[in-house]
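1. Sequence plus the predicted model coming up.
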Amino acid sequence: MIMQIVRRVSHFPSVRRGAERIAGARGRGLVLVYHEIAQVPREDPATPTISVAEFEQQVGWLSHVGDIVPLPNVLDGGRDSRPRFAITFDDDYESHAKYALPVLERHGVPATFFLSGRWLHGLGRYWWEKLDTAIALSGLESVAQTLGVDAATPTQLAARLEVSQDLQGMLDQVPLPDLPPLSDRWFQMLLGADMGIGFHTVDHPRLTAVGDHELDEALQSGRADLAEAAGRHLSLFAYPHGRAGAREADAVDRAGFEAAFTTSKDPVGAGTDRYLVGRWEPDTASLEDFAAETAWRLNAPIRPGRN
Ligand SMILES: [Zn+2]
């Protein structure tokens, strides 16, 4: 069914042009990042959510026009290799195992999951999951008012909370049902699958805003626990909120990781800094738009690394 859709869309002139541009991007790579996957995504969520069907179409399309490879391989392709794609997921979501894993296994493609390991420490949900629940329960206006913030959309409100731990703490004043704790079962399934696992910090701080000591600590705290649960060394890192500069990249390098990933949307090619590798999060566009944007992103200039 999915491959039928991919084949049908492949005949659209705009999509054919996109596929030709992708085929011409030899030696290039593009890393995609996803967060939560849902059968039916919430309307206007504060954080990115994609439907299972859209995700499966995107995986089908990428397999059709290039090679979906394990994440480390996207950095090490030859100059003349076919365009390479790597799929990544961030944060501790049960939907990784519940919805993403079956799609990946059906298509026989690899992905890397950047986890916090919060369930290992008995920690509750991330603040943005509480925010989404509060908005679904009380409405955006009421939540924004309780927090004393002006925001026209859930995304705007989430952006305000991202830079203020005080506002994140104030979410406890908003009436919320108890969110069920993360179920160990789904994470055991994820860790037992033949997929890559990377580290994403337990507390998910904005690393660009913390001091040097806190930065080094965030890169180690909980890392060994997740490595033990995963039964392997964790050599890949994804910056919380996707943000990093030279200082953060140096710290991750020092902490013994082999590569680290932002959300700068840049493609991978000769000259890419292994500690500032961009990733692009596709939104819930049509497959036609996704195909066109993939071609465009893959051919974008390579960002110069640290000197
Ligand atoms: Zn994250």
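-> Looks like it arrived, so ask away.
2. tell me, how many neighbours does the nearest residue to Pro41 once chain neighbours are set aside end up with?
-> By the measure of CB to CB, 6 or more residues apart in numbering, the closest residue to Pro41 outside its immediate chain neighbours is Thr49, 4.1 Å from it. From N, CA and C alone the C-beta is placed, and that goes for glycine too. Look at Thr49: counted by other CB atoms under 10 Å, it has 19 neighbours.
3. And for Thr133?
-> Thr133: 20 surrounding residues under other CB under 10 Å.
4. I'd like to check what contacts whichever strand or helix holds it. Which residues are they?
-> Assigned by DSSP states H and E, Thr133 belongs to helix 127-138. Applying CB atoms under 8 Å, 6 or more residues apart in numbering, the contact partners of helix 127-138 are 42, 45-47, 143, 146, 154, 157-158, 161, 168, 171, 174-177, 179.
5. Could you identify the helix or strand that succeeds it?
-> According to DSSP H and E, the helix or strand after helix 127-138 is helix 140-147.
6. Give the other helices and strands that that next one contacts.
-> Under the contact criterion of 3 or more CB pairs under 8 Å, 6 or more residues apart in numbering; DSSP states H and E, helix 140-147 touches helix 127-138, helix 154-162, helix 165-170.
7. The ion: which of these is closest?
-> helix 127-138 (8.9 Å; CB to the ion).
8. Show me where the stretch 1-150 of the chain has its strands.
-> In the stretch 1-150 of the chain, the strands defined using DSSP state E, counting those that start in this stretch lie at 29-34, 36-38, 49-51, 67-68, 84-90, 112-115.
9. what residues does the third one touch?
-> Surrounding strand 49-51, the residues in contact under the criterion CB under 8 Å, 6+ apart are Tyr34, His35, Glu36, Ile37, Ala38, Gln39, Val40, Pro41, Arg42, Pro282, Asp283, Thr284.
10. 6 Å - rerun?
-> Glu36, Ile37, Ala38, Pro41, Thr284 (CB atoms under 6 Å, 6 or more residues apart in numbering).
11. Tell me how far the helix holding Thr133 lies from the chain's centre.
-> Relative to the chain's own centre, helix 127-138 is displaced by 20 Å; criterion: CA atoms, centre = their mean, to the nearest Å.
12. and what of stretch 94-112?
-> Distance, centroid of stretch 94-112 to centroid of chain: 14 Å (CA atoms, centre = their mean).
13. isn't Leu179 right next to Leu123, touching?
-> No. Counting by CB atoms under 6 Å, Leu123 is not a contact partner of Leu179; they are 11.7 Å apart.
14. Looking at those two, which one has more neighbours?
-> Leu123 (16 against 12).
15. give me the number of residues near the residue nearest to the more buried one when sequence neighbours are not counted?
-> For Leu123, ignoring the flanking residues on the chain, the nearest one in space by CB to CB, 6+ apart is Val202 at 7.1 Å. If you count neighbours by other CB under 10 Å, Val202 ends up with 21.
16. any idea how far Ala158 lies from Ala270?
-> To Ala270, Ala158 is 36 Å away according to CB to CB, to the nearest Å.
17. Give me the more crowded residue out of these two.
-> Ala158 (18 against 9).
18. what's near enough to touch the more buried one?
-> So Ala158 contacts Ala46, Trp128 (CB under 6 Å, 6+ apart).
19. go with 7 Å
-> For Ala158, the contact set (CB atoms under 7 Å, 6 or more residues apart in numbering) comprises Ala46, Thr47, Trp128, Leu131.
20. And for Thr208?
-> Contact analysis of Thr208 by CB under 7 Å, 6+ apart lists Arg243, Ala244, Gly245, Glu248.
21. and the second one, which of the three is it?
-> Following DSSP: H, G, I helix; E, B strand; the rest coil, we place Ala244 in the coil state.
22. Next up, the contacts around it.
-> With contact set as CB under 7 Å, 6+ apart, Ala244 has these partners: Leu207, Thr208, Ala260, Thr262, Leu276.
23. again, only this time at 6 Å
-> Thr262 are the contacts of Ala244 under CB under 6 Å, 6+ apart.
24. how about it, phi and psi?
-> Dihedral pair for Ala244: phi -160, psi 150, per degrees, to the nearest 10.
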